[in-house]
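Q: Give me a model of this one.
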Amino acid sequence: MLPGGSPRVVNLGLEIFAGELTRRGIRVAHVDWRPPAGGDARLVALLARLDAHRDAVERANAEALARLTDGLPVLVDCRPAREALELADRTVLHSGPPIDWGRMCAPMRAAVVGAVRYEGWAANDDAATALVAAGAVRLSPCHHHRAVGPMTGIITPSMPVFVVENRVFGTRAHATINEGLGKVLRFGASDSTVIARLRWMATEAGPLLGAGLRAGGGVDLRALMAQALRMGDEMHQRNVAASSLLARALMPGVAKAGGRHQAVARLAEFIAGNDQFFLNLAMAAGKAMADPAGGVPGSTLVTTMARNGTEFGIRVSALGERWLTAPVNTPDGLYFPGFGPADANPDMGDSAIVETVGLGGLAMAASPAVARFVGAGGMAAALAITEEMREITAGEHPHFRIPTLDERGSPVGIDVRRVVDTGILPLINTGIAGRTAGVGQVGAGVVRAPLGCFTAALEALAV
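A: The predicted model follows:
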């Protein structure tokens, strides 16, 4: 109470108290304070153990962040996975951390079965299922083979993959050609139309793209992504600008390589009708940029986030290629007509590599249309999400700048310590797959990474 005046109150923590005071006509300033690590004494002790080496950790994080943001990803080729990845026969790559056949969700199992049929290793679904169950087909994460895959993430030897080279650090990353919308293998569909499209990609589209890229000398993806961010893309759910910019860069080389052949027209029509064509390339660029940040002793920055429909996994710079996993969450969002939350599969895909490098959900402020599309609100919500992500990141991206934030860089460098300390979980923009095999995409939304991955990483870092 001030002498001769009405009381003024500072309220810490629960907002309900501030609201009650306001209703009673009392001036109140609310501070959104929470105890560190949610008040968990064990986690607070682990954070304190790391904090005892704060200067060394901050130096390590500065090094990892520089590696994460200074890379120059260039699209240089498109080649069959057996050549680009030296992928052995009877091998199927999938998204997320390692998982065996028996624990895979229904859409991923369906996609694996479809991939076996596509490769001609089995004549039908029953034979393909028996082959995989017997261990005659090797299942392995994309991330273990310098690759990333959206949703189910399926890559097999004959599938063409884009080749992205980081010309600063020398790393390479790979991703398949985006299949488009509708019934697609990445969402677990594998009927005859899906297989036919995959074979067209392998026999016509992939070779033509490769020839065009070699003829054109490659495409600077970092510059393209920076421009697309200024045009309203966040490079996860919205890739309209990036896909258009890529088509403009690709088609002259493709036209030269294809000449008067109708294959050029078919490829141009396919790219023009696929607003998400660039997504797979954003992912490959993200992996090419993130991989050099791994292996920095003492660094607490996240270098990989990936999901397989069963588990969510992260990898942390100081922990190298070790996976820290927890049960994956199911996205919240908007559904296509005829579908609802009961139809949603838990989240999957390697596409969270986009958020790992400061795009996607972390750059929501650059793409308010996406915030509304995935059910997160409009412009105010988009700005709030990006600002919230700054609370758990180590810096701002020097190349990916957001016009609506006066050219500030997008938040980048998710720090395990900050996630556990604040309880703020990375937000990821994502498609929603139907939980029933063969249904495909049923909506789009957002999902939070599970806290368990980060507490497990903290335990490993604080030994």
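Q: Any idea how many residues pack against residue 263?
A: Neighbourhood size, residue 263 [other C-beta atoms under 10 Å]: 18. Using the backbone N, CA and C atoms, a C-beta is placed for each residue, glycine as well.
Q: can you check residue 52 too?
A: Going by other C-beta under 10 Å, the residues that sit close to residue 52 add up to 10.
Q: quick one, what contacts residue 201?
A: Residues counted as contacts of residue 201 (C-beta atoms under 8 Å, 6 or more residues apart in numbering) are 159, 160, 176, 177, 179.
Q: roughly how far apart are the first one and residue 77?
A: Spatial separation of residue 159 from residue 77 under the definition C-beta to C-beta, to the nearest Å is 14 Å.
Q: More neighbours: which of these two?
A: residue 159 (26 against 21).
Q: shouldn't that one be in contact with residue 197?
A: No. Using C-beta atoms under 8 Å, residue 159 makes no contact with residue 197, being 11.5 Å away.
Q: so what does the longest strand along the chain touch, helix or strand wise?
A: Under DSSP state E, the strand in the chain containing the largest number of residues is strand 393-402. For strand 393-402, the elements it packs on are helix 54-70, helix 221-230, strand 408-414, judged by 3 or more C-beta pairs under 8 Å, 6 or more residues apart in numbering; DSSP states H and E.
Q: now do 10 Å
A: Under the contact criterion of 3 or more C-beta pairs under 10 Å, 6 or more residues apart in numbering; DSSP states H and E, strand 393-402 touches helix 54-70, helix 221-230, helix 379-390, strand 408-414, helix 416-422.
Q: And those: which comes nearest residue 302?
A: strand 408-414 (4.2 Å; C-beta to C-beta).
Q: What strands line up against the closest one, and which way round?
A: Here strand 408-414 has these sheet partners by DSSP bridges: strand 393-402 (antiparallel).
Q: Could you export the partner strand as CSV, CA atoms only?
A: Extracted in CSV, the C-alpha atoms of strand 393-402 (Å, rounded to 0.1, in the frame of the first residue of the first chain):
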residue,chain,number,x,y,z
THR,A,393,17.5,-20.9,-28.5
ALA,A,394,21.1,-19.8,-28.4
GLY,A,395,21.0,-17.0,-31.1
GLU,A,396,19.5,-15.5,-34.2
HIS,A,397,20.2,-16.8,-37.7
PRO,A,398,22.5,-14.5,-39.6
HIS,A,399,21.0,-15.5,-43.0
PHE,A,400,17.3,-16.3,-42.3
ARG,A,401,15.8,-12.9,-41.4
ILE,A,402,12.2,-12.1,-40.8
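Q: burial count for residue 342?
A: The burial count for residue 342: 7, using other C-beta under 10 Å.
Q: I'd guessed it sits against residue 432; true?
A: No. Using C-beta atoms under 10 Å as the test, residue 342 is too far from residue 432 to be in contact (11.8 Å).
Q: Identify the contacts common to these two.
A: residue 335 (C-beta atoms under 10 Å, 6 or more residues apart in numbering).
Q: before we move on, back to that, overlap in contacts of residue 159 and residue 197?
A: 118, 177, 185.
Q: Go through the residues you listed and say which is closest to residue 87.
A: residue 118 (14.1 Å).
Q: got the CA positions of the host helix or strand of the closest one in CSV?
A: Using DSSP states H and E, residue 118 sits within helix 106-119. Output of helix 106-119 as CSV, limited to C-alpha atoms (Å, rounded to 0.1, in the frame of the first residue of the first chain):
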residue,chain,number,x,y,z
ALA,A,106,0.3,-48.6,-39.2
PRO,A,107,1.1,-45.9,-41.8
MET,A,108,4.8,-46.6,-41.7
ARG,A,109,4.3,-50.4,-41.9
ALA,A,110,2.1,-49.8,-44.9
ALA,A,111,4.7,-47.6,-46.6
VAL,A,112,7.4,-50.2,-46.0
VAL,A,113,5.2,-52.8,-47.6
GLY,A,114,4.5,-50.6,-50.5
ALA,A,115,8.2,-49.8,-51.0
VAL,A,116,9.0,-53.6,-51.1
ARG,A,117,6.4,-54.0,-53.8
TYR,A,118,7.7,-51.0,-55.7
GLU,A,119,11.2,-52.4,-55.7
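Q: tell me what that helix is packed against?
A: strand 91-94, helix 125-133, helix 192-200, strand 348-349, strand 427-433.
Q: and these, which is most packed in?
A: Stretch with highest mean neighbour count among the helices and strands packed on helix 106-119: strand 348-349 (a mean of 32; mean count of other C-beta atoms under 10 Å).
Q: what's the neighbour count on the residue nearest to residue 157 when sequence neighbours are not counted?
A: In space, and not counting its chain neighbours, residue 157 is closest to residue 82: 3.8 Å by C-beta to C-beta, 6 or more residues apart in numbering. Applying other C-beta under 10 Å, we find 16 residues neighbouring residue 82.
Q: For residue 82, give me its contacts.
A: Here residue 82 is in contact with 88, 89, 91, 156, 157, 158, 159, 161 (C-beta under 10 Å, 6+ apart).
Q: what's the answer for residue 440, then?
A: For residue 440, the contacting residues are 107, 151, 181-189, 194, 336, 431, 433-434, by C-beta under 10 Å, 6+ apart.
Q: Please apply the same query to residue 172.
A: By C-beta under 10 Å, 6+ apart, the neighbours of residue 172 are 73, 76-77, 84-85, 146-147, 163-166, 284, 287-288, 291.
Q: now the contacts of residue 82: which count as buried?
A: Among the contacts of residue 82, those buried by neighbour count (16 or more other C-beta atoms under 10 Å) are 91, 156, 157, 158, 159, 161.
Q: quick one: which two of those residues are the most distant?
A: Longest span within these, C-beta to C-beta: 91 and 161, 13.2 Å.
Q: residues bridging contact with those two, i.e. touching both?
A: 81, 82, 85, 145, 155.
Q: circling back to that earlier point, relative orientation of the helix holding residue 118 and helix 125-133 in degrees?
A: 100 degrees (axes from the mean of the first three to the mean of the last three C-alpha atoms, to 10 degrees).
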